[in-house]
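Colleague: could you work out the structure for the sequence below:
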Amino acid sequence: MDIETTAKAFKELGHATRLSVFRSVVRAGYIGIAVGQLQHRLEIPGSTLSHHISALVNADLLTQRREGRTLYCVANFDMVQKVIGFLEDECCIEEQQ
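Modeller: Down below sits the predicted model:
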């Protein structure tokens, strides 16, 4: 995992609304959550929600899938693990014994 990709993920998660969106999607697990349900739950206008979802998709933190007329957001848990791993790998690396 490179620093630029990690920085982009953190940048997108650094916005309170996007963090709320991402948190709700993560809570939905591997099945994901319908965009309409997400909009209702977070009480965000559709155009605003679409903007935030797009930013999270561009940072590879979310994926989307369509089932009929319903669009679902699903967390990219592999990316989440990579971002967390980026920090964990550096933990205490320079600590003196």
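Colleague: from here on, contacts and neighbour counts on C-alpha atoms
Modeller: Will do.
Colleague: please name the nearest non-neighbouring residue to residue 80.
Modeller: Once flanking residues are discounted, residue 80 sits nearest to residue 61: 6.8 Å by CA to CA, 6 or more residues apart in numbering.
Colleague: for that neighbour, grab phi and psi.
Modeller: Main-chain torsions, residue 61, degrees, to the nearest 10: phi -90, psi -20.
Colleague: isn't it up against residue 76?
Modeller: Yes. Counting by CA atoms under 8 Å, residue 76 is a contact partner of residue 61 at 5.1 Å.
Colleague: rewinding a little: okay, now the residue nearest to residue 80: neighbour count?
Modeller: Around residue 61 there are 23 other residues, counting by other CA atoms under 10 Å.
Colleague: got it, and residue 82?
Modeller: By the measure other CA under 10 Å, the count of residues near residue 82 is 15.
Colleague: list phi and psi for it.
Modeller: phi -70, psi -40.
Colleague: neighbours of the closest residue in space to it that isn't next to it in sequence, just the number please.
Modeller: Counting by CA to CA, 6+ apart, residue 1 is the residue found nearest to residue 82 once chain neighbours are left out, at 6.5 Å. Residues contacting residue 1 under the criterion other CA under 10 Å number 10.
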